Structures are given as structure tokens and as C-alpha cells.
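Enquirer: need the 3D shape of this:
(chains A, B, C, D, E and F)
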There are 6 protein chains.
Amino acid sequence: MRPSKRAPDELRPVRIERGVSRHAEGSCLVRFGDTEVLCMASLEDKVPGWLRGAGRGWVTAEYGMLPRATGERMRREAASGRQGGRTLEIQRLIGRSLRAVTDLVKLGERQITVDCDVLQADGGTRTAAITGGWVALHECVRWMQARDMVQESPLVDHVAAVSCGIYAGTPVLDLDYPEDSEAGTDANFVITGSGNLVEVQASAEGAPFSEDELLRLLTLARGGVSRLVDLQKMAIA
Amino acid sequence: MRPSKRAPDELRPVRIERGVSRHAEGSCLVRFGDTEVLCMASLEDKVPGWLRGAGRGWVTAEYGMLPRATGERMRREAASGRQGGRTLEIQRLIGRSLRAVTDLVKLGERQITVDCDVLQADGGTRTAAITGGWVALHECVRWMQARDMVQESPLVDHVAAVSCGIYAGTPVLDLDYPEDSEAGTDANFVITGSGNLVEVQASAEGAPFSEDELLRLLTLARGGVSRLVDLQKMAIA
Amino acid sequence: MRPSKRAPDELRPVRIERGVSRHAEGSCLVRFGDTEVLCMASLEDKVPGWLRGAGRGWVTAEYGMLPRATGERMRREAASGRQGGRTLEIQRLIGRSLRAVTDLVKLGERQITVDCDVLQADGGTRTAAITGGWVALHECVRWMQARDMVQESPLVDHVAAVSCGIYAGTPVLDLDYPEDSEAGTDANFVITGSGNLVEVQASAEGAPFSEDELLRLLTLARGGVSRLVDLQKMAIA
Amino acid sequence: MRPSKRAPDELRPVRIERGVSRHAEGSCLVRFGDTEVLCMASLEDKVPGWLRGAGRGWVTAEYGMLPRATGERMRREAASGRQGGRTLEIQRLIGRSLRAVTDLVKLGERQITVDCDVLQADGGTRTAAITGGWVALHECVRWMQARDMVQESPLVDHVAAVSCGIYAGTPVLDLDYPEDSEAGTDANFVITGSGNLVEVQASAEGAPFSEDELLRLLTLARGGVSRLVDLQKMAIA
Amino acid sequence: MRPSKRAPDELRPVRIERGVSRHAEGSCLVRFGDTEVLCMASLEDKVPGWLRGAGRGWVTAEYGMLPRATGERMRREAASGRQGGRTLEIQRLIGRSLRAVTDLVKLGERQITVDCDVLQADGGTRTAAITGGWVALHECVRWMQARDMVQESPLVDHVAAVSCGIYAGTPVLDLDYPEDSEAGTDANFVITGSGNLVEVQASAEGAPFSEDELLRLLTLARGGVSRLVDLQKMAIA
Amino acid sequence: MRPSKRAPDELRPVRIERGVSRHAEGSCLVRFGDTEVLCMASLEDKVPGWLRGAGRGWVTAEYGMLPRATGERMRREAASGRQGGRTLEIQRLIGRSLRAVTDLVKLGERQITVDCDVLQADGGTRTAAITGGWVALHECVRWMQARDMVQESPLVDHVAAVSCGIYAGTPVLDLDYPEDSEAGTDANFVITGSGNLVEVQASAEGAPFSEDELLRLLTLARGGVSRLVDLQKMAIA
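Expert: A predicted model of the protein is given here:
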């Protein structure tokens, strides 16, 4: 049995609240259980230098964690003077995931930056960030539509993410921190609303895993993302 | 008349909510109108190197702003690789203010770090941070008392802060961002529960100001802090 | 047909040459076609601070690219003052991959750092680094065995890696740079000598991919890694 | 009695020597007792990016301390790779103080940077820097007038600064280092030639202070600045 | 007798192999005994900002060492976030040496960057880098000539470098690491094909040296550079 | 004729004033014409980590320039976050030069750091820094002798430095900035009181130079250093 008492294929209670920022063009506070991530989409009327004049836009993400989002206080990255490897890896993943469902030509020569800041962490911060980041991005697109900046939405599909792992020999969905610390294999799946894969990242924490195990995790993830996409739809309704 | 329609001596609606973090020993979400600051106190069982063996503890603070806490997205300090002068100045002020009401000998050889992160900014973030930081610190002290780590509270008084300024010729209390942008003089007062001064920082934004104006701002600040201390008392009750 | 004229399941010519450094305890120059990576394993008699006294060792990796390893000269990371996100991501991957086949308790309280420096890049630098890094690590372990520092080898299996992608609709093995630039999906597989999975990282570069496509890439990767492990065996014989 | 044997309202011997640099458009070596600050004003024919085209100029300051300006050698900030919070706070204060008496429109689209470098420190470096910085700025303005770059001086008033504190219960003027280390309250006042306030920064080092104490310090400061302004006048005569 | 058993005026076996990079416009792998340096010349069609519009080009160099090029692993400069003083000093020397034999006007408004990366170090890395860097630069110039980018070669002469030192009282040529560690005086000479001096850097490691000793080292260096220039000629033939 | 009207072998007016710092154990303000360098020696009772327990001490130097020491204001290195290559090169040279005349065993397990800060630059800052740095070091040693920290002086000789160059075809001594900018060859010589060489650094700025030219510069330098050593003797008398 899982420490969280959940069934193997059971998500934590997920809440997605949009419109939480007075300033950002799109925003969302997403909770996967005790994990809380504040996502804010900022629109800029210019693109990075290397994309100038290319007739399309860009979507990027930045990720951060408040120092005491975790059980032990971590050093503030602004104070240490550099973003750690984990931070950079996660924000690159979020950016790729959101771009995978965005038509950058339809966006026009503009950039949307989605800041994902973890207020509280209990495992799954990157999957919550992708899931909530999409809602913030969607709200930003609506803001643009309301101002006739784009005719058609550049968002071509939903995208959401969930983690899975093998806990005490059993594949389980949406690991919280105590489960994640013990899980033998840790995988993150980023999946579109239509059920296709955007990113698969599976990592053996202890013993290597088999193809069969990978597939069982993937099946769990599909179920989880399907429910997350339903929650995204309710949030933007 | 003020853009906010408030009377000259009227605070914005202030809300102080404690116990908002699952992990921190003390925490508080404080709102001064649309300004929102999350304060988390972290206890460590060791002190900075220069204080080792001195028989007393330390209270320090760190301050940060989410990139889109403001109307225009600001560059993330972790990405730019350094904390700006404004950030460092504010976190030094918060730390000094909290230490002014802490008996560091009673605290013992421990450090409490109060992280103040601005989720949304509309003027007065440093004063909100000091006001809420005290509540987080108080909760952390209670946490220690519940574990018999300290006999008596090392907190010797309340401390809270408020800004004042001269807006269109009139001294007004607790400036929001539109008022702050226009104010001729900008002052921050940090005052104890017993009405004594901990910090006075007054700055002419345009024309220099007179001693009389300084005193009128101080009178307003006293009134404001008195109400903030009442709100702190309700929050910790 | 692939730009490289190779069959879909055909590796580039792979050469693994060990013992190339006069100084390092283990070393290997690995070539996957025109991709050349110099791997050097350095043994230290101490472990990172957080592992001190834990009765086990550590294996870590660092990754770098010479500025003109690529078609366009890139800025030297030492000159820009920070390692990019891609660099950090890759070196974390190499480290995890090598640790997955190392018994850290048998290693004892020592650290082995495997430096992987790309002399020339033509796609697949991270997979070459893992494949060659294992050979350098193996040589370092032999060096230790020759000095009776360890009784039994802490290396419990081979590990090697290969990339796969969907090129012009066809799953293909071991992408070179021109293929990689055009591939719709890009995946890296890290697999042990016994055929189990250590890491799977699959990313949609354009359209999302299906579970079936993932499995076809995985099948190709298994075949490729099996041949790479044979080459590792020949190199260390 | 003060360690320096001075009367409570007595400044240290102050010397202001202008024209000390062969290169700078304006320069001044200012001494408050053993505190020595070299101030050099540099004129540039362009403004910071955010001010371009706004039809006005900018005055800014930078502050530094030689490593052995103090009793114990401090680490060189250029070597540690970042300016400390104290440095940034002081240079922001100097800049604001000088801008408070400068008509930036009359200056035209130019920037004057006033570098204040402490050669020897004995308390009051920031107040000496403001006092001497004004003289360097004034000399720079004269340099511009001599070349018909400005018709009328953009300097609208004098500005000078002095510290005050409560030493052994008595408010005293112009603290040297031994007095500053013991003082219960530490305040810096920046005041114009016409007696108005530009900046007030008062800080309880130990016990909080009362409004009455603040006012007594302010009275001392007025007297001190009045004498400093006389010395500025003699220096530029 | 020298640890290397060489005669006092004997170079180590030197090998210069050009055309070793698939990407760089010019490249060279140079070996002075066990010292191996990979030199790659990159051509860019623009010059540094301060040279724009001046009607001439620029040649610059960057230098790096792989972390385990040496007997003890050194920290990776990209990871530590700054290039050390030794690195900066050497790359400035290489750049000056190559510019000394380049007609920058004939080069036109272009920059050539010569990256010199030490794969293995055994003393004399800077002299090997200059000697090999010239070959890479020459190959780059040929690449330009083949494309009619320059009419006449901007290279006006050969340049090569060698170290000398006083080992056990005897002046010796081309120190390897064990000799260098023991040598009393260490000198590097950069000399043109026509025998003129470009750089002389002589340093007393222990006792100061006399003018006579300097001249004897210089005589050795002339002989050594003359042979290095012959080897350059063979390499580019 | 030289721009400075000096004879080819004529030094600028040199002034060496010791005891200029209230805090430093040794100090010296040295002027070579308009070049002014403040040298302060700081004694610490511990050595760098790599020297601990070795039974000897260390002498090191740091070098800096005030931003407006030069004709054009340069960016403050503390603000840019790194010391430039020129700075690092010079401070390494100063340190080596001073160590060349120090018996580190006699110094005992202590470190002396000599800070050389350029207040005004007009060419020859590094040679002035070495010449004045020796005086500060000497005063620091006397300070130690007065406290019986060392029996015998660890300073075994004088050391001083001077630049030479070929100006309009003529070898000249002690270049000022206008001469240095035009000189064809630029050389710095560090020479002991007994006339031996510690460092020779000669660099062709334009055309390479001959052995004969090097020797003529060296002859000039010997004469110059001999007079500088006399001035050092007068300063410490």
C-alpha cells in the first residue's frame, strides 16, 4: 500500500485556479495535493534575437522554488548566483512541452514567458508546472484574442504531465515526495489532450527497469493525464 | 483625493494569515491591498561562522519577488546571477527590524531565516514583509516553545512597518503603487508595539522636505502601525 | 533514405580506444562516426561532503564541448562564466547512467569523476560519452584492482547509450547531426549489458509521437546497444 | 565624554581639496578626521538606455573601499565577484542625494558618474562621500560651463551629509568608528544648503528610539551640515 | 643530466598534424613530447565592436585545459565560473604572438579566433599552443585564399615559441614538467621565422638570474625555434 | 625627442612616501610622475590552505585601478563581477617579484598581502606598484620586528621595477602613457638591489625586436632600477 493510501492509479486531489494574478496576461495556481505551483504567463511584443524576422513567435518557461518550499530550506538561487542543473533541466522541459502544442506562426512575432514558481513542494512540481502552465498560457491567448491580436488560437491541443514510478514493486501514479524518495523507477510523461506523447523521461533510481515496466507506467500516465485534461477544461470553462 | 479613494490616514485592507506552509516552522501570507507577501521562517540549529560560540543566535531575512509580481515582467534574479541593490537593501532592513525585537541570547545558538517572497506587488512590499515576517517569526518561536527549545519567548515586542508619503501636497498613509509613483516624498517607518522607532527611512523623490513634513508622516505612521499591531495580535491569537 | 546512406538500424562506424591518457586512472577516446569524445576517469580518495561517513563512494561526470567542436564556433563556457542548461542536463544524465551499474558500497569512500569532453560533434555526443565513459570507468576500476584498493569490481554490468529518431517517417538508429536536425522525434536510450533500461528520454521535436513509435525506437535502441556493448568488451579485452 | 573628546555637536576636522585628479572632469579628496574619500566625477555624452530620448540627463554614483581602508583587511569586491549589499546601498544613497539637487533637464542628455572610493575609513564614509561628491560634481559642471556645454548650472543647491547617534545616552554629531561601534542609534541625514531634508536614515542598533531622540539628532545634523556647506563653499571658491 | 636524458639543446619529439578538424577553417594537433594541444582557427565575418569600421581585422586566441590534462585533476573552469589568471595570461600571450606576424589590414574586417585546448599537459603548453596555433591560422588563411577572400596572405612570417630554463645550473631547452618543476629560472621566447623577438618572458623561480644567463637561454631558444619553424614548414607543405 | 622632454635614460620624478595608512602594517604612496599607486601591506597570522603546516609563509599581491584613474572612465571590476586578464596578470607579477626577495621560511607561517591600488595612471603602474610594494612590505616587516615576531628580516634584498621601450627608434627609460602608446617595443624589468634579474617581460607592439635592442633596454633598466633602489633606501631610512 502507498504511504498516501491512494490506489495505484489514483491522482492526488488536483485543484486548478486561474486568474490569480492582477498583473499577468495569464495565470494559474495549480495544486497536486500539497504541491503548489504559481504559473504566470507574460506576453512581450518581441522575440529572442535569433528568431527576429522569422515570422513566428516563441513560448518559453522559467522555473523556480521558494527556499522553504521544501522540508529543509534550500539556498536561494538568486543568492548563490546561479540556477542549478535541476532548475535549468525542468524549465527547458516545461518550455518544450508548451511549444509542442503551440502553433508559433499563428502566435506572430511575440514571446510568451511562463514563470512557474513552486510555493510548496511535495513531489511532482514539474508535472504540476506543465499542467498549470498550459492553463496560464491558455488564459494569455484568450487575453490576446480579446484584443484581436490573434485571430485563431495558436494553441492546437491541451498538454498535461504526470509522474509515475514503481513503488514497492507496483507501478503507481502521481508520486508524492515520500513515495518518490522510495520509488525504484521514476518517470515523467508529458501527453497531449489527444493522447499523444510529447516527452517521456524515465530513470532507474536503483535497479534498471524492463520494457514491460515502462509500458505499465505509460498506461497509468495516460489515465492520469486524461483526468488532468478534464480538469484543465473545467478550469478554463 | 488619493487615487485609491482612501482617507489620508487609511490603511489598505490588510489580511494576515498564518500557518500557510506545510514545511516552515513559522509562516504567514500577508496582504496590504493587492500586495501579497509570503513569509516563511526556517529554524536552523547553527549560527553563521562569525557568531559561533558567542552564546547567542541570529535572525536574518531574505527577500525576493516573483518575476511577474509587477506590471512589467522583471528579469528573474536567479537567472541574471545577482541580487539587485534594491533586493539586498530590503532584506537587510527586514533582518534589522526583526532583530530589534528579538533577544538573541534567549534564542540560543540558533538561526532563524525569514524568507519574504512577493507574490504580487502593488507598493509597500517591504513594509508588508516586515509586518508579516514578524508573525512568521512569532509562529516559529511558538514551535520552539512547544518543543521546549526555549523557556521564554525571545520576542520582546511586536514590530510592524508602514510607508507614508506626500501625495499632491498631503501626507498620506500606506501608499499603493500608483500613489507611490507620484508621491513627492517617500518614507518607511518601522515601529515597535510599544510605539518606539526601529527604522526611519525618508527620501525626497522630488523636492526636499521639511522637518515638519517628516513629523506629519511620522504621526500617520504611528497610527498605521498601531492598527497593524492589532492585526498581528488577532492573527496569532 | 537517410542522408548518411545507412540502413535504419545501422550504427555509424564506432571506435573505442582506451588508455589514451598518460595521467588519468582510466581513459577512452570514443568515436561514433565524426563525433569524438575524450573520456577520462579521475579517482579521488574522498567523497562529496553530503556522503561523508556513509560507507559508500560516488561516481559523477562532467561534460564539455570545445568551442569549435561544432559547425559554428560556440562561446567557451569558461569565458561566459556559466555552464549552459544543456551541458548540465547531459552531465547529470551521464553520472546517473554510470551510477546505475556501479555498486557504490563496493567502491568504498572514494569518488570517480568521469570527464567527457567533445573534441568534435556530429550528433549523439551524450550517447558516445556514456558508452565511452563506461570504458574509462572500467579502466579506472582495473587500476584500483591492480593496487588492491577494491577486492571485487564495483561495476555490476555494462551500460551504453544510443539515440534513435523518426526520420522522414521511419524510425532510425544513431542519428548524426544532419539527421538529428530533421528528425521528428528524438530519443536517447541508456541500456545495460543485460538489456534493461536505465534511462529513456524521448522528445517530440515537431508532432507528438505515439506509443507504437516509442516502442519501435526502443527496439532499434536495444539492437544498437547490444552491438555497442560488444565493442566495449573488445576495447577492454 | 566621547572617545574622541569632541563636544557633542562638534564635527571632526574636515578638509575638502578639489582638483586632485589629472583625468576626471571633477574631483575632490574629502577628509572627515581619518576618513578619506576620493571622489571623481566622469562626464559621458550618453545616458542609460531607459532614459534615451527623454530630454534629460542622469547623475549616478559608485562606491568602493580599498581592501585595507579598514582595521581588518576586507576581501576585494572585484575578487569576490560581487558588490556587497552595504556597497550597493551606499552608492544608491549617494546617487539619490546628488540627483536631489540637480536639474536633470538642464544637464541635457548626458550622464555624470561620481566614483567615491574610500582610501581610509574611520566611520562616516557615506556622509563624507556625499559631501565630497557634491564638490566633484560641482567642478564637473564648471568644466562643462567653461566649454559652453550648459548655459546655466544644473546644480540647484548644495547638498551635504552627516551622521549622528546616541552615544552613552547623549546625542552626538559625526561619529567616528569607535563611537559608531558603541552608539545605540545610528542616523544619517542628507540636507540641502537651504536646510531641507533629502534623506533621513535612522536605525536602532540596540534599543528602539523615540521621536524626541530623532528630533535631537536632526537638530545636531542641521548644525553640522550647515558647517559642511560652508566648507564646500570655501573649497569651490 | 636532464631527467628526460635529452641534451641541453635538444627539443622533445615534436609532431604537428594539420587538418584534424572537420569543422574549423584551420586546425592543428601539436605535440611537444607528451604535451598535446588541439588548435582550431575559426573565421568570423565581423570584428569586435571597438574595431568596427577601422578597415582592419583581428586575430585573438582562447586557451583551455581539459580537467585531467594534468597529473592531478583540476577544477573545470566552466564549472568554477571564471577563467583563472594563468589561463587569461596565456591566451593573451598567444593572441599577441599571432598578431605580431599578421597584417591586420590585409585580413580585412574579419576576426580569426584560435582556440588552443590542452588535451594532455607535460610542460610547455603555451609554447606548443603558439607553435601549433600558427599552423591552424595558416590553414585558415589558405581556406580564405581558396575562396578569394584575400588576395595576398596576411601572414607576414612564421612565429613559434619554446621554453628554456636553468636546470641544475645548466641552461636547457624545452622543459618538460619534471624539469620545469625543478628549474631555477623559467623563460618563454616567442620568435619569428626571421629570428626576431616577439615576446620574452623570463622569471626567477628561486634565485634571481644574471644577464649572461638570460643570453644563454636566448641562444638556446633561437636554435629551438629555428627547428620548430622547419617543422611548421613541413606541416603546411 | 620624447614627448616628456626627458633624456632617454631619465626617470620621471619619483616620490616614495611611507606610513600613509593608519590601519595597514606597512604602507606607501608611490608616484612615478603622474602615476600614483597606494600600496598597503596586511599581515595575517595564517597561510593559504595549500601551504598549511609547511613551515613557511607567503607573500601575495592584489592590484586594482580606480575607475577614473585613466583618461576614460573604465568599468569598475567589482561591478562587472570579474577581474580582467590584465589585472590578474599584473597582480601575479607583483606577487612573484616580492617573493623573489623574501625568505618565506624566516617569515614563519604568516601571509602578507600587498594591495596596490592605482589612484592615477599615466603609464608604468605595475613598475611603480612593485617599487612601492617593496617599501610597504619592508615597513610591515619592521612592524613585525618591533613586536619580536621575527628575529631577522625575511627580506633578503631590495627589488624594484621599471619599464623601457623603443620610442621613435630610440631606447628610452620609464615610459609615460603617451610614450607607451607610441612605443614599438614595451618591456618591464624587475631587478634586485644587487642587480640581478627577477622578471623580464618584453613584447613587440609592432615590429619584432632584435637581441641587441633587448640588451639596450636592459642596460637602461639597470640604471633606472639602481636609482629607484636609492630612493627606496631614502624612504625607509
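Enquirer: now do A:Arg147 against C:Glu72, distance only.
Expert: Using Cβ to Cβ, to the nearest Å, we find A:Arg147 at a distance of 39 Å from C:Glu72. Where C-beta positions appear, they are placed from N, C-alpha and C, glycine not excepted.
Enquirer: now the residue lying closest to A:Arg75 once chain neighbours are set aside. Its backbone dihedrals?
Expert: Counting by Cβ to Cβ, 6 or more residues apart in numbering or on different chains, A:Pro67 is the residue found nearest to A:Arg75 once chain neighbours are left out, at 6.9 Å. With angles defined as degrees, to the nearest 10, A:Pro67 sits at phi -60, psi -40.
Enquirer: mind listing what A:Pro67 touches?
Expert: Shown in contact with A:Pro67 (Cβ atoms under 8 Å, 6 or more residues apart in numbering or on different chains): A:73-76, B:40, B:42, B:62, B:113, B:115.
Enquirer: one more time with 7 Å, if that's ok
Expert: A:73-76, B:62, B:115 (Cβ atoms under 7 Å, 6 or more residues apart in numbering or on different chains).
Enquirer: for chain D, what's the nearest residue on chain A?
Expert: A:Gly81 (7.2 Å; Cβ to the nearest Cβ).
Enquirer: surely that residue meets B:Gly81?
Expert: Yes: the criterion here is Cβ atoms under 7 Å, and A:Gly81 meets it with B:Gly81 at 5.1 Å.
Enquirer: now A:Ser194: how far from chain C?
Expert: Noted for A:Ser194: a distance of 8 Å to chain C, by Cβ to the nearest Cβ, to the nearest Å.
Enquirer: for that residue, which non-adjacent residue is spatially closest?
Expert: A:Asp157 (5.8 Å).
Enquirer: scan chain A for its longest helix.
Expert: helix A:211-236 (DSSP state H).
Enquirer: and it with helix C:211-236, angle?
Expert: Inter-element angle recorded for helix A:211-236 and helix C:211-236: 140 degrees (by axes from the mean of the first three to the mean of the last three Cα atoms, to 10 degrees).
Enquirer: where does the residue with the largest distance to the centre of chain A land in three-state SS?
Expert: Ranked by distance from the centre of chain A (Cα atoms, centre = their mean), the top residue is A:Gly53, with 29.5 Å. Secondary structure, DSSP: H, G, I helix; E, B strand; the rest coil: A:Gly53 is coil.
Enquirer: state the pLDDT value of it.
Expert: pLDDT recorded at A:Gly53 is 92.
Enquirer: got phi/psi on it?
Expert: Residue torsions, per degrees, to the nearest 10, at A:Gly53 are phi 80, psi 0.
Enquirer: same question for the one 5 residues further on.
Expert: Dihedral angles phi and psi of A:Trp58 (degrees, to the nearest 10) take the values phi -150, psi 140.
Enquirer: what does A:Ala160 give?
Expert: The phi/psi pair for A:Ala160 (degrees, to the nearest 10) is phi -150, psi 170.
Enquirer: these two touch, right, it and A:Arg227?
Expert: No: judged on Cβ under 7 Å, A:Ala160 makes no contact with A:Arg227 at a distance of 8.9 Å.
Enquirer: these two: who's more crowded?
Expert: Each of A:Ala160 and A:Arg227 has its neighbours counted (other Cβ atoms under 10 Å in any protein chain shown); A:Ala160 has more, 30 against 17.
Enquirer: from chain E, how far out is the residue nearest to the more buried one when sequence neighbours are not counted?
Expert: Distances taken as Cβ to Cβ, 6+ apart place A:Leu228 nearest to A:Ala160, at 3.9 Å, with adjacent residues excluded. According to Cβ to the nearest Cβ, A:Leu228 and chain E sit 38 Å apart.
Enquirer: what's the neighbour count on A:Leu228?
Expert: 29.
Enquirer: ok, the one 5 residues further on next?
Expert: Around A:Lys233 there are 13 other residues, counting by other Cβ under 10 Å.
Enquirer: where exactly do the helices run in chain A?
Expert: Going by DSSP H, chain A shows helices at A:77-80, A:85-99, A:104-107, A:125-146, A:177-182, A:211-236.
Enquirer: flag every residue of chain A that's near chain C.
Expert: Contacts of chain A with chain C, taken as Cβ under 7 Å from any Cβ of the partner chain, map to A:82, A:85, A:88-89, A:92, A:96, A:100, A:192, A:196-204, A:208-211, A:214, A:218.
Enquirer: output the set of residues of chain A in proximity to chain B.
Expert: A:21-24, A:34, A:38, A:40, A:42, A:62, A:64, A:66-68, A:70-71, A:73, A:76-79, A:81-83, A:113, A:115, A:117, A:119-120.
Enquirer: looking at chain A, what residue ends up closest to chain E?
Expert: Closest point on chain A to chain E, by Cβ to the nearest Cβ, is A:Arg82, at 7.3 Å.
Enquirer: quick check, pLDDT for that residue.
Expert: 91.
Enquirer: now for the closest residue to A:Tyr177 other than its chain neighbours: which residues touch it?
Expert: Closest residue to A:Tyr177 apart from its sequence neighbours, by Cβ to Cβ, 6+ apart: A:Gly123 at 4.0 Å. By Cβ under 7 Å, 6+ apart, the residues touching A:Gly123 are A:35, A:175-177, A:179-180.
Enquirer: who wins for neighbours among those residues?
Expert: A:Leu175 (29 neighbours).
Enquirer: I'd guessed that residue sits against A:Ser163; true?
Expert: Yes: counting by Cβ under 7 Å, A:Leu175 does reach A:Ser163; the two are 5.1 Å apart.
Enquirer: counting contacts, what elements does the longest helix of chain A pack onto?
Expert: strand A:14-18, helix A:125-146, strand A:159-167, strand A:170-173, strand A:185-192, strand C:197-204 (3 or more Cβ pairs under 7 Å, 6 or more residues apart in numbering or on different chains; DSSP states H and E).
Enquirer: which residues touch the residue farthest from the centre of chain A?
Expert: No contacts exist for A:Gly53 under Cβ under 7 Å, 6+ apart.
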